[in-house]
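Any chance you could fold what I've pasted below:
(2 chains)
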Amino acid sequence: MAVKLTTEGLLIYCTMAAYLVATIALMFKKNRLGWTVYTFGFVVAVITLVFRWHHVGHVPMQNLFEVFLCLGTLVFPVSLFCLRFMRVGGAAADCIIGLIILFPAGFVSKADPQRLPPALQSGLFIPHVAAYLAAYMIMAKAGVQSLGQLFHKAGPNDENLVSYDVGAYKMVKLGFPLLTLGLILGAIWGKIAWGDYWNWDPKELWSFVTWLIYIGYFHFMYVSGRRFPRLNSVLVLSGLLAIAITLLWVNLSSIFKGLHNYVS
Amino acid sequence: MIYENHMDNVVRDSNGQEIGKLPFMVGLKDFWIEYYEEHATWMLGVDAPSVTPGEKRRQKTITWAIGQEIQLPFVGLRMKVLQYLPGARLNSLEVVQAAGKSTIVPAKVGQEVFLENPEGSLRIVQVFSHLIVQPDGKVIDLPDSNANPAMKVAFDQAGGQKTHLYVFAAGQFRMHGQDIAGVDLRYVPGPDPNSVLPAMEVLLSDGDKLFRAWLAAKDSDLQVTLPLTSLPGEKDYPPYDGHEEHATDHDAYLIMASRPGPIKDYKSSLVVVDEGQQVAAKVIEVNDPLHYGGYHFNQQSYDIREGQYTVLGVKSDSGLWPVYTGFFLLCAGIFWLFWAQPAWSYLMKRRNHGS
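This next block holds a predicted model:
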C-alpha cells in the first residue's frame, strides 16, 4: 500500500475524488451536480488511460493495474447507457463501484510499465480483454440491482426506473453476450497461439464457471420467472463472485499455476 | 524438437516417445530471441581460466557499490568502484600531475592544460575515432570505426622543448609514444545525458600498488573487458603454459556486461521440404504459426541455455472450420437472443406507439 506520486497516480486520485463527490451528490438527489461531477471524473479517467497508453506504448490491458484503470473508466459509459436506454438506475452505486475498483489501482497494484510480451502481441488481445472488461462492469451493475432486490424492499427511488428484479435481468441480458464473446475469442486465440482451444487452466476454468452460472440463471428465469426473486438475485450475485475469482484470485494467488499467469 | 540447421519429421509425445512421422520434413534455419532495447541493465563480473588447463572457464558475478572495496574472485586483487556513469561518452582528457592533482578537460582540439612540473602547456591537437598506424609509419584516423579512440597531444615545455604524444582510451596502464615524466594522461569517459551506455571507473589494488582504470561501453558492445592477468596479484589459476590450445584462455577479465531487457519476440525461421523441394519458408512467432500440409506448427519451447533448438508443437488442422462455425453460431444466437431481439421489439413498440 503506497501513495503514488506519479502523474498517473495523481490523475487516479482526482478521478476517485470526483466519483466520491458524485456519489454523495447523487445519494442526496442532487442529480445535476452529481452527473456533472461524474462526467468530470470520467474525463479525467479517460485522460489517465490515454496517458498510460502513451507511457507504455501499447493498449493498457496487460496487468491488474491497467485492468482496474480500464474498469474504472468504463463505469461512466455503462451507467449512462443503462440509465438512458434501459431505464436501469443505480448511478450512485456505480460511482461507489468505480471508487472501489480504482482504490487498488491508486494505492496497491504495481504500476511499473511493462513491455508487451510475445504472447500478447496479437490482434485478438484487445477484443478478448475489452469484451470481458465491458461484461464485468455490466455484471457488476446486475449485482447491484440484485443487492437492491434483496435488501431494498421499497424499490428504486425513481418511478421511471424498472424494478430491481427486472433491472438485474436486463443487465445480465446485456452483459452475457459479451461474456460469451470473450470466451470464444479466448478459445480462438488459444488455438492460434498455443495450438489448443482450451487448456483447463485456472483462469479459463473460472471464466467457464462464470458463464455457466449465468446460463443457469437464464434457465431458471425461463422456468420459474419472477416467482423466486430472491433466488434470482442469489444466482446473479454468485455469477459476480465467480467473476471476482476469475479476475483476482487466479491472478494473485500462487496456488494457481497456469498459462494466464503472466497477465497479472 | 529441431536443432538449428537440421530437419526432422518425427512427431513425439510429451514423454519423447515417437508417435508418428510427417509426410514431409520441417527444418529450422535459425532460432533467435529479440529484446526490447531500452531496458538493458549492466552487471559486473570476473571471467577467469580454469584452475586445471583445458577445463571450462569460470565466471562469477560481483555485487558492487560505489566506494565499497571488495575482493575480486580468482585474482588477488581488491577492487573499489570510484565512479559509475549510467550514461557516458568518451569525451574527456584527464591530466594527473604529481601529488595526485587531477584536471579534466573536454577532449576537443584546442583544449589546453597548464602543467606545473614539468612546466609547460599541453594542447590537444587531434582527436581520433580509430587510430591506426600505417605500414609506412603514418598515423591516421578511420572515422568509420570507434575501435581505438585516441588523442594527439602537443606539449610545449617551458624552455622551448616541444613533444607530441598519444593518449589512448584502451590500455590505460601503459602509455604509447613518449611520456611526460611525472604526468599521467588518460582519455576518459564523462557523463553524457544523451547516452544510454554506462562507464565505470575502478581502482584495483594488490595491497601494494594501485591501478585506476575505466570500463566504458561503446555502441556495439555487449560487454566491456579489462584484462587482469598482467596486473600484480596472486592468481588462483596457473600461468600460460605455452600450449597452443590454451592460448586464448590464459587471461582473466573484469567484465561489465549488459543483460538484455524484456523479451520482445521468439522467432524460428522454418522451412518445409516436401519430396526434396522446398515448398514453404516462414519465420514464425508465438501468435503466427506455420500452416502446411494440414498441420499447424507453433513454438512450444526452445533451448533456454544456448538457443540452438526449438520445440514445435504439431497440431492437425482438421475440424477447424466446423468448430469456428459452431463458435459463430453460438455467438450469433446469443447476441440475437439477448441484444437484437429485445432491441428490435423495443423499436417496433416505439414505432407502433409513436406518432
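
So for the lengthiest strand in chain B, what gets flagged as buried?
What stands out as the longest strand in chain B, according to DSSP state E, is strand B:18-35. Buried residues in strand B:18-35, defined by neighbour count with 16 or more other CB atoms under 10 Å in any protein chain shown: B:22, B:24-28, B:31. Every residue, glycine included, has its C-beta placed from N, CA and C.

can you redo these as CSV with pLDDT and distance to chain A?
Formatted as CSV, those follow (pLDDT from 0 to 100; distance: CB to the nearest CB, whole Å):
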residue, pLDDT, distance to chain A
B:Leu22, 84, 15
B:Phe24, 86, 18
B:Met25, 85, 20
B:Val26, 87, 15
B:Gly27, 85, 20
B:Leu28, 85, 18
B:Phe31, 85, 13
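
so which of those residues comes closest to A:Ser224?
Nearest to A:Ser224, judged by CB to CB, of those is B:Leu22 at 55.3 Å.

Quick check: of the buried residues of strand B:18-35, which lies closest to B:Ile124?
For those, the nearest to B:Ile124 is B:Phe31 (48.2 Å; CB to CB).

wait, what's in contact with that closest one?
B:4, B:266-269, B:302-303, B:307-310 (CB atoms under 8 Å, 6 or more residues apart in numbering or on different chains).

Just the ones of the residues you listed in strands?
In this view, those that belong to strands under DSSP E are B:266-269, B:302, B:309-310.

Output those residues as JSON lines; include the columns neighbour count and distance to B:Tyr237.
Output for those, formatted as JSON lines (neighbours: other CB atoms under 10 Å in any protein chain shown; distance: CB to CB, whole Å):
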{"residue": "B:Tyr266", "neighbour count": "20", "distance to B:Tyr237": "37"}
{"residue": "B:Lys267", "neighbour count": "19", "distance to B:Tyr237": "39"}
{"residue": "B:Ser268", "neighbour count": "25", "distance to B:Tyr237": "39"}
{"residue": "B:Ser269", "neighbour count": "16", "distance to B:Tyr237": "40"}
{"residue": "B:Tyr302", "neighbour count": "19", "distance to B:Tyr237": "34"}
{"residue": "B:Tyr309", "neighbour count": "18", "distance to B:Tyr237": "33"}
{"residue": "B:Thr310", "neighbour count": "25", "distance to B:Tyr237": "37"}
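
Also near chain A: which of the residues you listed, exactly?
Among the ones in strands among the contacts of B:Phe31, the ones lying near chain A by CB under 8 Å from any CB of the partner chain are B:Tyr266.

Could you save the ones in strands among the contacts of B:Phe31 as TSV and add columns showing pLDDT?
As requested, the ones in strands among the contacts of B:Phe31 are exported to TSV (pLDDT from 0 to 100):
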residue	pLDDT
B:Tyr266	89
B:Lys267	90
B:Ser268	89
B:Ser269	89
B:Tyr302	86
B:Tyr309	83
B:Thr310	84
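
could you say what helices and strands the helix or strand just after the longest strand of chain B packs with?
Scanning forward in sequence from strand B:18-35 by DSSP states H and E, the next helix or strand is strand B:41-48. Packed against strand B:41-48 by the contact rule (3 or more CB pairs under 8 Å, 6 or more residues apart in numbering or on different chains; DSSP states H and E) you find strand B:58-62, strand B:253-259.

hey, C-alpha coordinates of the longest strand of chain B in PDB?
Output of strand B:18-35 as PDB, limited to C-alpha atoms (Å, rounded to 0.1, in the frame of the first residue of the first chain):
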ATOM      1  CA  GLU B  18       7.700 -41.300 -31.200                       C
ATOM      2  CA  ILE B  19       4.100 -41.300 -32.200                       C
ATOM      3  CA  GLY B  20       4.300 -40.800 -35.900                       C
ATOM      4  CA  LYS B  21       6.100 -39.300 -38.900                       C
ATOM      5  CA  LEU B  22       5.100 -36.400 -41.000                       C
ATOM      6  CA  PRO B  23       5.000 -37.000 -44.800                       C
ATOM      7  CA  PHE B  24       7.400 -34.000 -45.200                       C
ATOM      8  CA  MET B  25      10.400 -32.500 -43.400                       C
ATOM      9  CA  VAL B  26      10.400 -29.400 -41.300                       C
ATOM     10  CA  GLY B  27      13.700 -27.700 -40.900                       C
ATOM     11  CA  LEU B  28      14.900 -24.900 -38.600                       C
ATOM     12  CA  LYS B  29      17.200 -22.400 -40.300                       C
ATOM     13  CA  ASP B  30      17.600 -20.200 -37.200                       C
ATOM     14  CA  PHE B  31      16.100 -19.600 -33.800                       C
ATOM     15  CA  TRP B  32      16.600 -16.300 -32.100                       C
ATOM     16  CA  ILE B  33      15.100 -14.000 -29.400                       C
ATOM     17  CA  GLU B  34      14.500 -10.300 -29.900                       C
ATOM     18  CA  TYR B  35      14.700  -8.000 -27.000                       C
END
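
For the residue in the stretch 1-150 of chain A that chain B sits nearest to, give me its contacts.
Nearest residue of the stretch 1-150 of chain A to chain B: A:Ser122, at 4.0 Å (CB to the nearest CB). A:Ser122 makes contact with A:189, A:192-193, B:287, according to CB under 8 Å, 6+ apart.

any idea which of these has the most stuff around it?
Most neighbours among the contacts of A:Ser122, by other CB atoms under 10 Å in any protein chain shown: A:Ala193, with 22 neighbours.

any idea which helix or strand comes after the host helix or strand of it?
Using DSSP H and E, A:Ala193 falls within helix A:164-194. Downstream of helix A:164-194, the next assigned helix or strand under DSSP H and E is helix A:202-224.

Okay, buried residues for that next one please.
A:202-211, A:213-214, A:217-218, A:221.

What of stretch A:63-81?
A:63-76, A:78-80.

Is there a neighbour count for A:Ser233? I'd like the number.
With other CB under 10 Å as criterion, A:Ser233 counts 23.

That should have said B:Trp321, apologies.
When counting by other CB under 10 Å, one arrives at 9 neighbours for B:Trp321.

With B:Gly100 instead?
B:Gly100 has 7 neighbouring residues, counting by other CB under 10 Å.

got a pLDDT number for the residue of the stretch 1-150 of chain A closest to chain B?
We have a pLDDT of 90 for A:Ser122.

May I have the phi/psi pair for it?
phi -140, psi 150 (degrees, to the nearest 10).

Next up, the contacts around the residue of the stretch 1-150 of chain B found nearest chain A.
Closest residue of the stretch 1-150 of chain B to chain A, CB to the nearest CB: B:Tyr36 (4.6 Å). Contacts for B:Tyr36 were tallied using CB under 8 Å, 6+ apart; they are A:115, B:261-264.

Recalculate using a threshold of 6 Å.
By CB atoms under 6 Å, 6 or more residues apart in numbering or on different chains, the contact set of B:Tyr36 is A:115, B:261-262, B:264.
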